[in-house]
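Q: any chance you could fold what I've pasted below:
(chains A, B, C and D)
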There are 2 protein chains.
Amino acid sequence: MPSKKASIHRVFHALGDPTRRTIVEKLSEGPISVSQLAIPLAISLAAVVQHLQILEESGLVHTEKTGRVRTCRIEPSGFSVVQQWIDDRRTVWEERFDRLGDLLADTDKP
Amino acid sequence: MPSKKASIHRVFHALGDPTRRTIVEKLSEGPISVSQLAIPLAISLAAVVQHLQILEESGLVHTEKTGRVRTCRIEPSGFSVVQQWIDDRRTVWEERFDRLGDLLADTDKP
DNA sequence: CTATTAGTTAAGTGCATGCTTGAGTATCTA
DNA sequence: TAGATACTCAAGCATGCACTTAACTAATAG
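A: Residues are numbered from 1 along each chain as shown, chains lettered A, B, ... in the order given. Take a look at the predicted model:
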């Protein structure tokens, strides 16, 4: 199994680039071909393909080639990696918040 | 008001770096000083300070200086920018899923 | 007062990364 | 079959960014 740390890195790194986020936003509207995706982006087709490779390796996007057209679509499960990472942190904040509650309660009865 | 797009960019860019994520993970355990934060990181103190600047500008971390010690802590609200961005996309996926449902329903009664 | 601790700031370096161009390969259309 | 379309791949460039070192300020300890 590919390490969790590595997959977290791939996803966050992928989403760290504004062009790739724009691609994800566009793909959220529905599946689309590579060339259609490139039109509003004002960069070369080759650059778009490079971004798509990174997005696909990160698990955020799935692409499939039929004939000469590659269709790209969102892979919703990829985003759960982000959600999970944040939720894991939040759990610890909440634990701390609980302990703070205990601490405050203790001041009532020394 | 600072544009939403810009704040999304700051947050995703901040979390795109593995060292900064490690800092966030450490801070999730509770507030800590800059030097204490630097110890397990194997980089110079100056580098840590630079990461903290980015994290603070992104709204993910809050720091406060008392005497000569700067204490760093998580700013939980900063993470809602990420959550919100993903939820916004997911809304569209779900809309599309609904329309797919409609489409399948239509095939029953042509 | 001096020495140490804690952090700040600036300048410089090297590598990663986003992007381009150009040449090549299937696939589809007329 | 000829030409257009939709990518694909490789190489090179240029900027950004993480990191270092070094010199500095401010607070605390002895």
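
Q: okay, now the residue of chain A found nearest DNA strand C: neighbour count?
A: Closest residue of chain A to DNA strand C, Cβ to the nearest atom of the strand: A:Gly67 (2.2 Å). C-beta here means a position set from N, CA and C on the backbone, and glycine is covered the same way. Residues near A:Gly67, counting by other Cβ atoms under 10 Å in any protein chain shown, number 5.

Q: cool, and A:Gly78?
A: 21.

Q: need the contact list for it.
A: Residues counted as contacts of A:Gly78 (Cβ atoms under 8 Å, 6 or more residues apart in numbering or on different chains) are A:Val11, A:Ser58, A:Gly59, A:Leu60, A:Val61.

Q: which of the residues you listed sits closest to DNA strand D?
A: Nearest to DNA strand D among those, counting by Cβ to the nearest atom of the strand, is A:Val61 at 12.3 Å.

Q: for B:Pro18, see how far away the closest residue to that closest one other than its chain neighbours is.
A: Closest residue to A:Val61 apart from its sequence neighbours, by Cβ to Cβ, 6 or more residues apart in numbering or on different chains: A:Leu55 at 4.0 Å. With distances taken as Cβ to Cβ, to the nearest Å, A:Leu55 is found 19 Å from B:Pro18.

Q: in the helix or strand A:His62 falls within, what's buried?
A: Using DSSP states H and E, the element containing A:His62 is strand A:61-66. Going by neighbour count (16 or more other Cβ atoms under 10 Å in any protein chain shown), the buried part of strand A:61-66 is A:Val61, A:His62, A:Thr63.

Q: can you tell me the closest non-neighbouring residue to the last one?
A: Spelled out, it's A:Thr63. Nearest one to A:Thr63, counting by Cβ to Cβ, 6+ apart, is A:Cys72 at 4.7 Å.

Q: any idea whether that neighbour is helix, strand or coil?
A: Counting by DSSP: H, G, I helix; E, B strand; the rest coil, the backbone at A:Cys72 sits in strand.

Q: beta partners of it?
A: A:Ile32, A:Thr63 (DSSP bridges).
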